[in-house]
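# Got a predicted model here, sequence first, then my questions.
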Amino acid sequence: MSLEIWLLIGALLLLAGSAYWFLRGRQRVLPSAADQRARDELDTVAGWPPEATRLLTSGERSAHETLVKALPECVIFSQVPLARFIRVARRNSYAEWLTRVGHLSADFLICDRASMVIGVVCLHREHDSARAEQRRARMTRVLKAAGVKVFVWREHAIPQPASARDQIIQRTGVPSTTVATPDAPAPQRLAAGANGKIPVAEVVAEGPGDPADLEPPSSTWFDDLDGGPAAAESARRRSDA
């Protein structure tokens, strides 16, 4: 046979070998129908036996106690996902926003009695990884863009209640009309108004004339996912992680 025929045969063999190894690699990556069916039929409780744990670490409990003492007229929430209190436009995929930042949680959310957000406290831990720092920076950027004041505390240097109150009042733009004394109880220190309190809204029942845009976003991850099956699957995988 001529040289051209041998070259053609060699090229065909090389192409067939490449196709074989490509298909074999895909079979390793993609689960078979039986594997997928077995995964779908796996019972949630039997497959992942649940066990209740503490919500907060010891450092987070100290920070929470400080905030409660410093701001008795406010409500302090812990570990609240951004998707619960930040609303975004739906020009782009909401599922993609969830995977980028919506699933991240604010360590502590400072709210008035009507649950309006006053500020967020982020707790910096001593052994945070570089990825944790990147997530915190991304979350802080979103919060600041939404007009939410962000306070960063170090886990091993949490301020005293009086100092924490002064810091939060000054940053949130509340004017001071009383003199701060080191021995005064936290509620009587730097404050706005003659009553020494942060001005907070009264809790009132919602009526038909109240603005709907003050209501929080849906608490479920799977409502209004407008990014199609691929985006929804991406959000599901992130929530399962």
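Done, it's in.
# Could you report the distance from Pro159 to Ile168?
Counting by Cβ to Cβ, to the nearest Å, the separation of Pro159 from Ile168 is 10 Å. For the C-beta atoms, the positions are set from N, CA and C on the backbone; glycine is no exception.
# What of Leu7?
For Leu7, the distance to Ile168 - Cβ to Cβ - is 77 Å.
# So between these two, which is more surrounded?
Neighbour totals were compared for Leu7 and Ile168, and Ile168 leads with 23 against 10 (other Cβ atoms under 10 Å).
# Next, the more buried one: phi, psi?
Per-residue torsions, Ile168: phi -70, psi -40 (degrees, to the nearest 10).
# Just give the nearest non-adjacent residue to it, would you?
Closest residue to Ile168 apart from its sequence neighbours, by Cβ to Cβ, 6 or more residues apart in numbering: Gly119 at 6.1 Å.
# I figured Arg87 was touching Glu215, is that so?
No - counting by Cβ atoms under 8 Å, Glu215 is not a contact partner of Arg87; they are 9.1 Å apart.
# Hmm, Val148 and the residue nearest to Ile168 touching each other?
Yes - Gly119 lies in contact with Val148 (Cβ under 8 Å); the separation is 6.5 Å.
# Helices of the protein, residue ranges please.
3-29, 33-41, 44-47, 58-70, 82-85, 94-97, 130-145, 161-171, 228-240 (DSSP state H).
# could you dump those helices to TSV with distance to Arg154 and mean pLDDT?
Shown next, in TSV, are the helices of the chain (distance: least, Cβ to Cβ, whole Å; pLDDT from 0 to 100):
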stretch	distance to Arg154	mean pLDDT
helix 3-29	43	71
helix 33-41	42	73
helix 44-47	38	87
helix 58-70	9	95
helix 82-85	22	92
helix 94-97	29	90
helix 130-145	12	92
helix 161-171	13	92
helix 228-240	28	49
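# Minimum distance to Asp107: which of those helices has it?
helix 58-70 (6.6 Å; Cβ to Cβ).
# okay, the angle between that closest one and helix 161-171?
70 degrees (axes from the mean of the first three to the mean of the last three Cα atoms, to 10 degrees).
# Use 54 as the first number from now on
Done: numbering now begins at 54, and the last item shifts to helix 111-123.
# now for helix 111-123, which elements pack on it?
strand 128-134, strand 158-164, strand 170-177, helix 214-224 (3 or more Cβ pairs under 8 Å, 6 or more residues apart in numbering; DSSP states H and E).
# so which of those is the most packed in?
Each of the helices and strands packed on helix 111-123 was scored by mean neighbour count; the highest is strand 158-164, a mean of 22, by mean count of other Cβ atoms under 10 Å.
# With only the CA atoms kept, save that strand in CSV.
The C-alpha coordinates for strand 158-164 follow below in CSV (Å, rounded to 0.1, in the frame of the first residue of the first chain):
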residue,chain,number,x,y,z
SER,A,158,-25.1,35.5,56.0
ALA,A,159,-24.6,38.7,58.0
ASP,A,160,-23.2,37.7,61.4
PHE,A,161,-25.4,40.2,63.3
LEU,A,162,-28.3,42.4,62.0
ILE,A,163,-29.2,45.5,64.0
CYS,A,164,-32.9,46.4,63.4
